[in-house]
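J.: Next comes the sequence, and after it the predicted model I'd like to discuss.
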Amino acid sequence: MTKSDPMVHLIEHPLVQHKLTLMRQKSASTTSFRTLLNELAMLMAYEVTRDMPLQDIEIETPLEKMTGRVIDGKKLALASILRAGTGLLDGFLAVVPGARVGHIGLYRDPATLQAVEYYFKMPKDMPSRDVIVVDPMLATGHSAIAAIARIKALQPRSIKFACLLTCPEGVAALRAAHPDVAIFTAAIDRQLNSHGYILPGLGDAGDRIFGTQ
């Protein structure tokens with residue numbers, strides 16, 4: 001959590017920072033990048049879901065009956081911003097396999113850097129669900145802002161945003177547009193460049209996940 005804004009959570013666990021550093025390296029192969037991203041996403045999922053509500057259920061151990069506590073994974077929805085969000089999605093699902101999954105297809109117009117939607121599909125019963133929106137990068141913030149606005153129209157119980165990397169410009173934009181949405185990230189980098197990329201960053205996350213250019 002940053003000192004200045006309690007809604008911005010910086011995940012500084014040593015394993016998270018270690019894997020992120022390995023991912024940043026230009027020499028990391030596509031296979032290595034995917035593996036590290038999946039592992040890092042699982043680690044982040046523990047932090048993002050830390051305050052999920054629990055309910056009591058009666059169970060029977062090999063010795064006796066008892067009351068245990070469980071989360072209702074079916075009430076959680078993971079919303080992946082295509083295409084790069086898929087890389088985080090798999091790791092989150094490994095931790096919360098009962099979560100439902102939605103997809104938001106957005107691409108960034110190279111001239112305006114604005115988000116253009118081409119696909120949107122969410123689970124049913126959204127008013128009863130807590131949503132975690134996943135996308136590796138929060139750069140200009142345009143995609144995240146547009147995705148969250150669309151999800152808000154479905155009136156979920158809550159929304160969080162999880163990313164690997166962000167920058168002061170991205171945080172400021174998302175906080176201004178959606179001040180009620182908590183941001184979880186492994187790093188807040190220095191700045192954006194003139195093309196809307198995070199510096200020092202790790203390049204284009206989608207290209208590095210899928211081996212494209």
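T.: Here it is on my side, so go on. Numbers count the residues shown, from 1 in each chain.

J.: ok now do residue 92, which residues does it touch?
T.: Residues near residue 92 by Cβ atoms under 8 Å, 6 or more residues apart in numbering: 41, 42, 44, 45, 48, 78, 99, 132, 134, 162. Where C-beta positions appear, they are placed from N, C-alpha and C, glycine not excepted.

J.: repeat that with 10 Å
T.: 38, 41-42, 44-45, 48-49, 76, 78, 80, 85, 99, 101, 132, 134, 162 (Cβ atoms under 10 Å, 6 or more residues apart in numbering).

J.: which residues are in contact with stretch 58-77?
T.: Contacting residues not belonging to stretch 58-77 are listed as 49, 52-57, 92-93, 95-102, 122-126, 128-133, 151, 154, 156-157, 159 [Cβ under 10 Å, 6+ apart].

J.: What ranges does this protein have for its strands?
T.: 8-10, 55-60, 65-70, 76-82, 100-108, 115-121, 130-134, 137-138, 158-166, 182-188, 191-192, 198-199 (DSSP state E).

J.: Tell me which of these lies nearest to residue 16.
T.: strand 182-188 (5.1 Å; Cβ to Cβ).

J.: ok so, going back, buried only: go through the contacts of stretch 58-77 for me.
T.: Neighbour counting over the contacts of stretch 58-77 (16 or more other Cβ atoms under 10 Å) leaves 49, 92-93, 95-96, 99-102, 122-123, 126, 129-133, 151, 154, 156, 159 as the buried ones.

J.: how near is the residue sitting furthest away from the middle of the chain to residue 56?
T.: The C-alpha centroid of the chain is most remote from residue 63, which lies 40.4 Å away (Cα atoms, centre = their mean). Noted for residue 63: a distance of 19 Å to residue 56, by Cβ to Cβ, to the nearest Å.

J.: same deal with residue 97?
T.: 21 Å.

J.: buried stuff in the worst-scoring helix or strand of the chain on mean pLDDT?
T.: Least confident element among the helices and strands of the chain, by mean pLDDT, DSSP states H and E: helix 205-210 (a mean of 85). Residues 205, 206, 208, 209, 210 are the ones in helix 205-210 that count as buried (16+ other Cβ under 10 Å).
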